[in-house]
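Colleague: prediction below, plus the sequence it came from.
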Amino acid sequence: MTELRTLKVALLGCGNVGAQVARILIDDAGTLAPRTGARLELAGIAVRNLDAEREVDLPRDLFTTDGETLVKEADLVIELMGGIEPARSLILSAIQNGASVVTGNKALLAADGPALYEEADKAGVELSYEAAVAGAIPILRPIRDSLSGDRITRVLGIVNGTTNFILDQMDSTGAQFADALAEAQRLGYAEADPTADVEGHDAAAKAAILASLSFHTRFDLENVYCEGITGVSAADIAAAKEAGFVIKLLAIAEKIGNGDGSEGVSVRVHPTLLPREHPLAAVRGAFNAVFVEAENAGELMFYGQGAGGTPTASAVLGDLVSAARRIVLGGPGRIESTTGHVPALPIDAATTSYYIGLDVADQPGVLAKIAQLFAEHGVSIEIMRQTIHRDADSNVESAELRIVTHRASEAALAATVEAVKGLDVINSVTSVLRVEGA
Ligand code: NAP
């Protein structure tokens, strides 16, 4: 039997994910070697604090604070520090030294991915980042490899577990956003500062990555329209429920024809109504799922744990073994396909159905006035339901109207809503939410 060569692995970061990666590299060295065709030797772990308690018992002599020297001696570098610097400089240094890099750092990829991919291409090494989108779920490799012979038309993803947990809590208990967020924080699903999750920024970074791979064009954060879930009320959830929908924060990337034969890609993150029978509606708690539509494959769904040290370490190890195999077999780095050249479209160009809640005067002719106004703006109504309320104190009746439209452009919808607000029979527009999958 030929002796397997040894590849040196540098690990940058030993937190939630890094510690589990180190554990698997050490504990499973025997099973990883034949699968890889090389022994993967954990050469060192760069951290900030050498004396910090670690979740996993690891040899002390592996630890260093000198990441720069560590990456220079490695064949493969795993970056799990997070943040922009020093992660970016260390990744660049690794690439320039001919090492392949595995990272889970979506914030860095969203901020500076294109420059890093270009450096990796130039150096002929791999830069892989399966863990950056939807944790344990293998989704980037299927999009990049398995579907490379197909044409993806649309990707809908629940890619942020924190917001899915909060919306699921609101849906199942009737809680307000603030209470569901507090519960998510108590259970460790949301951070003390939940801004990146609840404002949709984390999902937007992942949407940019999904869109780039799906449409063979590099998109960054600036191309992503982003709306979080802080404006979703218990009343929105209840109304959606009554109408047979569930509200999810979706990362959406879809190809849209411009009407002149050209195409563009709409990349967006926003709360979205999904019919309760849609496969993504069944994604509960902090789980993630990505629903892919491709011309030949049809509909596909990828489901699993979107975060957590051990599940995310699984995705990191998959990338590591794949990059190591490539080194062993002597092939070039994985060439990212960027030949799509499809422009990113502004949010105004997106077309979806809409759910609109209106508080209206209970008078004859109101429905006709509203229907006519929608028609004048080219937005056609699919469902219109009216519920009458009587205020117990004043005895005044008001009506609540719930409208679901057929697909319309954002621009047409925005103009319609503005015009509706101007009608004398409208007390208020209580919600405007986009609908997918209906
Ligand atoms: P974490 O628990 O905060 O761990 C970060 C590690 O990096 C720590 O060991 C820290 O060292 C080290 N570090 C940070 N800054 C450093 C610096 N300037 N110099 C040297 N070491 C430094 O992070 P994590 O949750 O494991 O996440 C790691 C990466 O994976 C992030 O990019 C994250 O977005 C991504 N990711 C995480 C998850 C998840 O579920 N956690 C899921 C998907 C992707 P000390 O321990 O000494 O402080």
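Modeller: Now that the structure is in, tell me what you want to look at.
Colleague: the closest residue to residue 304 other than its chain neighbours: neighbouring residues, count only.
Modeller: Distances taken as CB to CB, 6 or more residues apart in numbering put residue 137 closest to residue 304, at 4.3 Å, once the chain neighbours are dropped. (Each C-beta comes from the backbone N, C-alpha and C, glycine too.) The local packing of residue 137 (other CB atoms under 10 Å) involves 24 other residues.
Colleague: just want the residue of the chain that's nearest the ligand.
Modeller: Here the residue of the chain nearest the ligand is residue 15; by CB to the nearest ligand atom that distance is 1.9 Å.
Colleague: from residue 363, how far out is that residue?
Modeller: Remark: distance between residue 15 and residue 363 (CB to CB, to the nearest Å) = 61 Å.
Colleague: compare those two (neighbour count), which wins?
Modeller: Taking other CB under 10 Å, residue 15 and residue 363 do not tie; residue 15 has more neighbours (16 against 12).
Colleague: and that one, what does it touch?
Modeller: Neighbour list for residue 15: 80, 82, 309 [criterion: CB atoms under 8 Å, 6 or more residues apart in numbering].
Colleague: what pLDDT is listed against it?
Modeller: The confidence metric pLDDT takes the value 97 at residue 15.
Colleague: residue 421 now?
Modeller: Here the pLDDT value assigned to residue 421 is 94.
Colleague: how far away is it from residue 227?
Modeller: Separation of residue 421 from residue 227 (CB to CB): 19 Å.
Colleague: likewise for residue 284?
Modeller: From residue 284 to residue 227 the distance is 22 Å (CB to CB).
Colleague: ok, these two, which is more surrounded?
Modeller: Comparing residue 284 with residue 227 by other CB under 10 Å, the one with more neighbours is residue 227, at 18 against 14.
Colleague: residues in contact with that one?
Modeller: By CB under 8 Å, 6+ apart, the residues touching residue 227 are 200, 268, 269, 270, 271.
Colleague: for those residues, pick the one with the most neighbours.
Modeller: Most neighbours among these, by other CB under 10 Å: residue 269, with 30 neighbours.
Colleague: I figured that residue hits residue 229, correct?
Modeller: No. In this structure, residue 269 is not within contact of residue 229 by CB atoms under 8 Å, at 9.9 Å.
Colleague: can I see the domain layout of the protein?
Modeller: Domain segmentation of the chain under automatic domain parsing yields 5-133+310-329, 140-306, 350-435.
Colleague: distance from the chain centre to the shortest one, please.
Modeller: Between the centre of domain 350-435 and the centre of its host chain there is 31 Å, according to CA atoms, centre = their mean, to the nearest Å.
Colleague: also the first one?
Modeller: Centroid displacement of domain 5-133+310-329 relative to its chain, using CA atoms, centre = their mean, is 22 Å.
Colleague: and if you look at stretch 217-225?
Modeller: 13 Å.
Colleague: what parts of this protein come near the ligand?
Modeller: For the chain, the contact set with the ligand under CB under 6 Å from any ligand atom comprises 13-18, 46-49, 52, 67, 80-82, 86, 104-106, 131, 135, 307-308, 312.
Colleague: buried members of those residues into PyMOL, please.
Modeller: To isolate the buried ones among the residues of the chain next to the ligand in PyMOL, judged by 16 or more other CB atoms under 10 Å, type:
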select buried, resi 13+14+15+16+17+18+46+47+67+80+81+82+86+104+105+106+131+135+307+308+312
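Colleague: thinking again about what came up before, now the contacts of residue 15 in TSV, with pLDDT, distance to residue 33 and secondary structure?
Modeller: Formatted as TSV, the contacts of residue 15 follow (pLDDT from 0 to 100; distance: CB to CB, whole Å; DSSP: H, G, I helix; E, B strand; the rest coil):
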residue	pLDDT	distance to residue 33	secondary structure
80	98	22	coil
82	96	29	coil
309	96	23	helix
